[in-house]
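Peer 1: here you go, sequence then predicted model.
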Amino acid sequence: MKLLIVAVGLRVPDWAQTAWEDYAKRFPPELKVELKAVKTEPRGSKTLPNLYAAERQRIEAAIPRGTRIVVLDERGTSLTTQALATRLTNWQLGGDDVALVIGGPDGLDPEFRQAAHERIRLSDLTLPHAMARVLLIEQLYRAWSINANHPYHRE
């Protein structure tokens, strides 16, 4: 199974890239994690629907057909780490690759968000984009470690 993180925004600070790489290399070969960063649509004088449409097109192009789509959404389901570990197990048993989508500065196209298989909330706090990427991969690694009885997670 592959976990594909699709994130709107090409540039993140060095600390975030370093943290991402550190967690990404910890995953076992049977659970590959890949990041596909897509370009943020320049804001300029464009309307919000036009921004959403352009970013949605890029996001959809980055996700292979047949992939389960999970969007990060402030109105999504709040999960504990243990609940995320259960979801990860269910995704693995389902057999499909999973794309977790992080929107841009204005979020995600509402229709795309609604059409996703799942909507989850990473935090009740507003997070900088780079922090959301790092927090997501750390929590996915922690979920894997729970399922694998690896000592990383302690309760």
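Peer 2: Happy to help now that I have it. Numbers count the residues shown, from 1 in each chain.
Peer 1: in contact with Glu60, which residues?
Peer 2: Phe112 (Cβ atoms under 8 Å, 6 or more residues apart in numbering). For glycine as for every other residue, the C-beta is placed from the backbone atoms N, C-alpha and C.
Peer 1: quick one: buried residues of the one helix or strand it maps to?
Peer 2: Taking DSSP states H and E as the criterion, Glu60 maps to helix 48-62. Using 16 or more other Cβ atoms under 10 Å as the test for burial, helix 48-62 gives Leu51, Tyr52, Ala54, Glu55, Arg56, Arg58, Ile59, Glu60, Ala62.
Peer 1: biggest separation within the residues you listed, which pair?
Peer 2: Spatially, the most separated pair among the buried residues of helix 48-62 is Leu51 and Ala62, at 17.0 Å (Cβ to Cβ).
Peer 1: just to revisit the earlier point, so for the helix holding Glu60, what's the average pLDDT?
Peer 2: For helix 48-62, the mean pLDDT works out to 95.
Peer 1: now stretch 2-17
Peer 2: If you average the pLDDT values across stretch 2-17, you get 95.
Peer 1: tell me which residue is most central in the protein.
Peer 2: Centroid-nearest residue in the chain, with Cα atoms, centre = their mean: Leu100, separated by 3.3 Å.
Peer 1: mind listing what Ala54 touches?
Peer 2: Neighbouring residues of Ala54 by Cβ under 8 Å, 6+ apart: Glu41, Lys46.
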